[in-house]
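> No letters, just coordinates:
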Ligand SMILES: NC(=O)c1ccc[n+]([C@@H]2O[C@H](COP(=O)([O-])OP(=O)(O)OC[C@H]3O[C@@H](n4cnc5c(N)ncnc54)[C@H](OP(=O)(O)O)[C@@H]3O)[C@@H](O)[C@H]2O)c1
């Protein structure tokens, strides 16, 4: 985090604009409304939705969208409210409204970065802090977006895009400060880990994938999860943010879990081992190498016990030894909680 803070909010009110009202957007919306009083008491600020967008329009309110004017039982369908504007665009609202925090939760397109890339650029240019669950824009141009944020004296945070509730960036940047990271291994995709765990218990692949989709944890396009690309993208964002690399997605060797046979999982189990989709960053002859691949791990491996929708990351450092963190709720509410954490870091921690 940087330390500049150009925005001032009377009475601690922080305007929010949310783009994307699917699994994560809805979870974030509900979380902020549910935790409104706690956030005021604990952190002294009042997160106030000024606009919420879907693909076909937006709900825009001068007074703010609050739990009083959006009762819980009707929160899932914003189009029924009087201020719903069909065809309203995110960029136009960001240019018009007084800046606060822009929350980006539209689908991740890791080829073009759109529509999130255009949203985030417009937000940063108009002086909004940005928190994003959407990985696409970060893959498209992390460096350019970070430079744009710096030039506009605002924050761009993306915990929710780098394994969400599992702390990865915070841990490496804060808790490991001063230590040199020698390698990173992670189970970074809840969907693949869930599928591998269920298959290890005898479920077939298609049924395990369907269950992951029902839980709302699979990407809108689950091919990204099961072919290893979601893990690769998170590895890339962690490498480029924490290790200061300029890794490109094409440089990561990626193999997913689509060809894993039930027999291999059974064999691993009978040998008291497990198959995990591991994202790995290792240094060899002075160069970092990145890969994603299913691996058979034994009980001594720090990520052996990471099952179901859980994730995990293991850092090896020069002065602090090995540090592993596992768990972190892999569901839309966990992702929403990571977005909220980034907002709290921006306002409550970095500026006190
Ligand atoms: N699901 C998870 O657990 C999870 C965890 C971490 C990160 N993520 C990331 O979070 C993001 C959202 O995931 P999700 O599962 O919530 O996806 P989702 O359920 O498909 O929701 C996407 C939302 O974005 C809206 N949208 C699409 N294009 C838009 C545009 N141009 N302007 C405004 N809104 C637009 C869609 O509108 P309509 O409602 O009109 O279709 C929908 O409301 C993705 O980038 C994903 O990679 C997801």
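Yep, it's here. These figures come from a predicted structure and were not determined experimentally.

> Distance from the chain centre to the helix or strand bottoming out on mean pLDDT in the chain, please.
Lowest by mean pLDDT, DSSP states H and E among the helices and strands of the chain is helix 36-43, with a mean of 87. With Cα atoms, centre = their mean, to the nearest Å as the basis, helix 36-43 stands 23 Å off its chain's centre.

> which residues touch that helix?
Where contact means Cβ atoms under 8 Å, 6 or more residues apart in numbering, the residues beyond helix 36-43 that reach it are 12, 32, 45, 46, 47, 66, 67, 344, 347, 348. Glycine gets a C-beta too; all of them are placed from N, C-alpha and C.

> Now the buried members of those.
32, 45, 46, 47, 344, 347 (16 or more other Cβ atoms under 10 Å).

> any idea how far the closest residue to the last one other than its chain neighbours lies from the ligand?
Think residue 347. Once flanking residues are discounted, residue 347 sits nearest to residue 45: 5.7 Å by Cβ to Cβ, 6 or more residues apart in numbering. Residue 45 sits 24 Å away from the ligand, going by Cβ to the nearest ligand atom, to the nearest Å.

> ok, residue 45 - contacts?
Here residue 45 is in contact with 9, 12, 13, 14, 39, 347, 348 (Cβ under 8 Å, 6+ apart).

> now the closest residue to the ligand within the stretch 201-350 of the chain, what's its secondary structure?
Of all residues in the stretch 201-350 of the chain, residue 335 sits closest to the ligand, at 3.5 Å by Cβ to the nearest ligand atom. Under DSSP: H, G, I helix; E, B strand; the rest coil, residue 335 falls in the helix class.

> Can you find the residue of the chain that comes nearest to the ligand?
For the chain, Cβ to the nearest ligand atom, closest residue to the ligand: residue 22, 1.8 Å.

> Please list the residues of the protein that sit near the ligand.
Within the chain, the positions lying close to the ligand (Cβ under 6 Å from any ligand atom) are 19-25, 53-56, 90, 105-108, 115, 133-135, 160, 164, 216-217, 219-220, 331-332, 335.

> This structure: helices as residue ranges?
23-34, 36-43, 90-96, 116-125, 136-151, 169-170, 190-200, 205-214, 223-226, 229-242, 262-270, 332-344 (DSSP state H).

> For the shortest one, give the mean pLDDT please.
Per-residue pLDDT values over helix 169-170 give a mean of 96.

> give me the number of residues near residue 135?
27 (other Cβ atoms under 10 Å).

> Before we move on, what's the pLDDT of it?
Residue 135 is given a pLDDT of 97.

> That one is in contact with residue 107, isn't it?
No - counting by Cβ atoms under 8 Å, residue 135 does not reach residue 107; the two are 10.0 Å apart.

> what residue ranges in this protein score low on pLDDT?
1-11, 349-352 (pLDDT under 70).

> mind redoing it with 80?
1-11, 219-220, 348-352 (pLDDT under 80).

> ok, back up a step: gap between the closest residue to the residue of the chain closest to the ligand other than its chain neighbours and residue 26?
Sequence neighbours aside, residue 105 is the residue nearest to residue 22 in space, at 6.9 Å (criterion: Cβ to Cβ, 6+ apart). From residue 105 across to residue 26, the span is 9 Å (Cβ to Cβ, to the nearest Å).

> ok and the least confident helix or strand of the chain relative to helix 332-344, angle-wise?
40 degrees (axes from the mean of the first three to the mean of the last three Cα atoms, to 10 degrees).

> about what we covered before: can you redo the contacts of residue 45 as CSV with distance to residue 176?
Formatted as CSV, the contacts of residue 45 follow (distance: Cβ to Cβ, whole Å):
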residue, distance to residue 176
9, 32
12, 32
13, 35
14, 30
39, 28
347, 24
348, 22
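
> Quickly list what residue 312 is bridged to.
With DSSP bridges as the criterion, residue 312 is bridged to residue 187, residue 326.

> Now do the same contact list for the closest residue to residue 64 other than its chain neighbours.
The shortest distance from residue 64 to any non-neighbouring residue, by Cβ to Cβ, 6+ apart, is to residue 48 (4.1 Å). Contact analysis of residue 48 by Cβ under 8 Å, 6+ apart lists 13, 14, 15, 16, 64, 66, 100.

> now, which of those residues sits nearest residue 189?
Distance to residue 189, by Cβ to Cβ, is smallest for residue 16 among the contacts of residue 48, at 28.1 Å.

> With that, I have no additional questions.
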